[in-house]
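> I'd like to go over a predicted model; first the sequence, then the structure.
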Amino acid sequence: MRTLKWGAIGLALVALAGGLAACGSDADVASKNISREAEQFKVVRRIIVVNGVTDKVELEVVGRCSYEHPDNELQLVCKEGPGQYKKDTIGLSDNVFFAVVQLESINVSVYRTKIILKPQNIVPDIDLVTGESG
């Protein structure tokens, strides 16, 4: 019973945070919703990596890709088919930069911030390893 109470409080806090996040401009809400759709691999993008000294395109990726750029890296995860994903990491420097372009428009709401909860991501997978038998 106590766990259920804390779960309900946690869900209420998530809903409150989502409601407060929706208090921005229409462009802010649309941008956040497009980003969420992209993280679900629903947005087709062109990602290019350019050498700023030579103006040469070093890499071009087109597809349903998510990206992050921590610590002078560009990390791409692309969906290639049902249940098939590919991850690439590219090193960035002062002379190398990247651009991400959305190739198709998508329908998102400017009135409601989209929140995606996946129960399978909340409950961890647990592998039980015991001593060898016999």
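Perfect, I can see it now.
> report how many residues lie close to the closest residue to Val43 other than its chain neighbours.
Ranked by CB to CB, 6 or more residues apart in numbering and with sequence neighbours excluded, the top spatial neighbour of Val43 is Glu37, at 5.4 Å. For the C-beta atoms, the positions are set from N, CA and C on the backbone; glycine is no exception. As a burial measure, Glu37 scores 17 neighbours (other CB atoms under 10 Å).
> over to Arg45?
Count around Arg45 with other CB under 10 Å applied: 19.
> that older thread, SS state for the residue nearest to Val43?
Put simply, Glu37 is helix when judged by DSSP: H, G, I helix; E, B strand; the rest coil.
> number the chain from 52, please
Shifting the count to begin at 52 puts that one at Glu88.
> surely it touches Glu155?
No: the criterion here is CB atoms under 8 Å, and Glu88 misses it with Glu155 at 11.1 Å.
> need the longest strand for this protein.
strand 107-119 (DSSP state E).
> got the contact list for that one?
Applying CB atoms under 8 Å, 6 or more residues apart in numbering, the contact partners of strand 107-119 are 89-90, 92-102, 125-131, 139, 141, 147, 151, 154.
> now the buried members of these.
Listed as buried from these are 89, 92, 94, 96, 98, 100-101, 125, 127-130, 141, 147, 151; burial here means 16 or more other CB atoms under 10 Å.
> so which of these are in strands?
Filtering the buried ones among the contacts of strand 107-119 for strands - DSSP E - leaves Arg96, Ile98, Val100, Val101, Leu125, Leu127, Val128, Cys129, Lys130, Ile141, Val147, Val151.
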